[in-house]
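Engineer: this one's structure only:
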């Protein structure tokens, strides 16, 4: 069933995109990228389509108060000043933060960035009574900033944010919030659908053309506040091509210049054909998020450990032509927060069967479960063949898995709805890839007791007071070294309690034409397209 879904999406996208690509020659300096998404990400500011949407339609057209430094391929990315040049917590009240805004920044429509504009943007996500409240953007952004209790403009260039409790992760949370123009929203009749056609942010790119499910075209913002990041390209074209073989064929035939996640079995052919294959260590894992609701088989730690011991990760690495890092935990081996877990992930089917037997399962009583998966989307790697591989591994030890295949945006909506929602159709797990670059998005949002939907994205409704105490320590530890020590303890608990089915870490392969020059693949889910140029 999954392959049929994937193929139909791929054919529809290819037909629309290639019909346009073939209509004429493109201008010098145009870069055409085939995304894994099946649609153009939401253009109004707070994007959909997961991290890929943020990569292509967030940090291009927009900025956050706090951005990511995407300039290096050799060191992990860290936070950097964005629309705020400074931020600090009040020494006497750890719930109050001050953000000093960058002077002289203007939106694409020419209006000025002020603290009032930031308040307006937070209201569009959090205050349902505000005229500009947008349910679609709120669905994407509200759960990113659960710490925020209130906010106000102190003066033209100073914003104060008050958190519900002390929270040292607030800057990481705000790095997800894109700032759109209040003046443009007024200009288009206070209508977000109209705003989507001619959006206005402060980013290095402007949206020049937008056709849902077909393409988006971006052009440089010559007045961008960071002169070093004014794009070198004439035009950036984004095309949704969710099927990996369709993306690979489009690159090889010269119809696009760059593809996300090439088909693994085509990587060597692409290399021999002179195409660039760019990879890097990536704060991104490929997991099954497990339901902890009443009646879920994953409530038994023996079952969770058995599943983790049933996975032949080296075999999957061969399946993916080496384009992965086998998981030893939720974070990759060698990460500063990895710690020293006692439970060692490995391929041990005999130990897996023994644990399942102890849990009451065996040949006459196999464990039967349903897992939600998508055929593609937002750096999901190669979800259909990978999930089929995991399915076979689990079947070998006595866990029978049925898949419910849905498109990527539907999977995101099911993730936000939570495992208790009837829309999940009785599934006890979902295959979801996670951005794990900071304490909140890497750890807290998945497992904190009070962040179950709709309050947050603890999809499985896991709740452990001991874990919550560790999360509270992170929020109250403002010294980076001391905070890292707490984070190591958290990761040890993630692994020792086998809280997820931990399979692999992405190296985010991209394939591109030899004409693409200047790209630096940051160790980040997001990337900077500004330095890129196209050779003649």
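Structural biologist: Thanks, I have the structure now. Everything numeric here is computed off the predicted structure, so don't read it as measured data. Numbers count the residues shown, from 1 in each chain.
Engineer: helix/strand/coil for residue 473?
Structural biologist: Assigned by DSSP: H, G, I helix; E, B strand; the rest coil, the conformation of residue 473 is helix.
Engineer: tally up the residues packed near the nearest residue to it once chain neighbours are set aside, please.
Structural biologist: Counting by CB to CB, 6 or more residues apart in numbering, the nearest residue to residue 473 once its immediate chain neighbours are dropped is residue 486, at 4.6 Å. C-beta coordinates here come from the backbone N, C-alpha and C atoms, glycine included. The burial count assigned to residue 486 is 19, neighbours taken as other CB atoms under 10 Å.
Engineer: helix, strand or coil for residue 486?
Structural biologist: helix.
Engineer: that one and residue 514, how far apart?
Structural biologist: With the distance defined as CB to CB, to the nearest Å, residue 486 ends up 46 Å from residue 514.
Engineer: do residue 178 as well
Structural biologist: With the distance defined as CB to CB, residue 178 ends up 33 Å from residue 514.
Engineer: of these two, who's got more company?
Structural biologist: The residue with more neighbours, out of residue 178 and residue 514 and counting by other CB under 10 Å, is residue 178; that gives 27 against 11.
Engineer: was I right about the more buried one contacting residue 42?
Structural biologist: No: taking contact to mean CB atoms under 8 Å, the distance of 10.1 Å between residue 178 and residue 42 leaves them out of contact.
Engineer: where does the stretch 151-300 of the chain dip in pLDDT?
Structural biologist: Applying pLDDT under 70 to the stretch 151-300 of the chain picks out no residues at all.
Engineer: switch to 90 and redo it
Structural biologist: For the stretch 151-300 of the chain, the stretches flagged by pLDDT under 90 are 242-244, 261-267, 280-285.
Engineer: now residue 307. Nearest residue, chain neighbours left out?
Structural biologist: Closest residue to residue 307 apart from its sequence neighbours, by CB to CB, 6+ apart: residue 501 at 5.3 Å.
Engineer: quick check: next helix or strand after the lowest-mean-pLDDT helix or strand in the chain?
Structural biologist: For the chain, counting by mean pLDDT, DSSP states H and E, helix 2-21 ranks last in confidence among helices and strands (a mean of 41). Where DSSP states H and E defines the elements, the next helix or strand beyond helix 2-21 is strand 30-35.
Engineer: right, and the helix or strand after that following strand?
Structural biologist: Downstream of strand 30-35, the next assigned helix or strand under DSSP H and E is helix 50-53.
Engineer: tally up the residues packed near residue 30, please.
Structural biologist: Counted with other CB under 10 Å, the burial measure for residue 30 works out to 16 neighbours.
Engineer: all helices of the stretch 301-450 of the chain, in order?
Structural biologist: Assigned helices in the stretch 301-450 of the chain, in chain order: 301-309, 313-319, 349-358, 383-397, 408-417, 439, 445-447 (criterion: DSSP state H, counting those that start in this stretch).
Engineer: show me what the last one is in contact with.
Structural biologist: Applying CB atoms under 8 Å, 6 or more residues apart in numbering, the external contacts of helix 445-447 come out as 143, 146, 289, 434, 451, 456-459, 462, 464, 467, 471, 499.
Engineer: separation between the residue nearest to residue 307 and residue 81?
Structural biologist: If you measure residue 501 against residue 81 using CB to CB, the figure is 38 Å.
Engineer: likewise for residue 286?
Structural biologist: Per CB to CB, residue 286 is found 32 Å from residue 81.
Engineer: state the mean pLDDT of the strand or helix carrying residue 141.
Structural biologist: Taking DSSP H and E as the definition, one finds residue 141 inside helix 135-141. Summarised as a single mean, pLDDT over helix 135-141 is 95.
Engineer: is residue 150 in a helix, a strand, or coil?
Structural biologist: Per three-state DSSP, the secondary structure class of residue 150 is strand.
Engineer: what about it, neighbour count?
Structural biologist: Based on other CB under 10 Å, the number of other residues close to residue 150 is 13.
Engineer: same check, this time on residue 45
Structural biologist: Here the neighbour count serves as a burial measure; for residue 45 (other CB under 10 Å) it reads 28.
Engineer: can you pull the contacts of it?
Structural biologist: With contacts defined as CB under 8 Å, 6+ apart, the neighbours of residue 45 are 62, 121, 124, 137, 178, 179, 180, 199, 201.
Engineer: repeat that for 10 Å
Structural biologist: Residue 45 makes contact with 57-58, 61-62, 121, 124-125, 134, 137, 140-141, 177-181, 185, 192, 195-196, 199-201 under the criterion CB atoms under 10 Å, 6 or more residues apart in numbering.
Engineer: what do you get for residue 199?
Structural biologist: By CB under 10 Å, 6+ apart, the contact list for residue 199 reads 42-45, 57, 61-62, 107-109, 180-181, 184-185, 188, 192, 206-207, 210.
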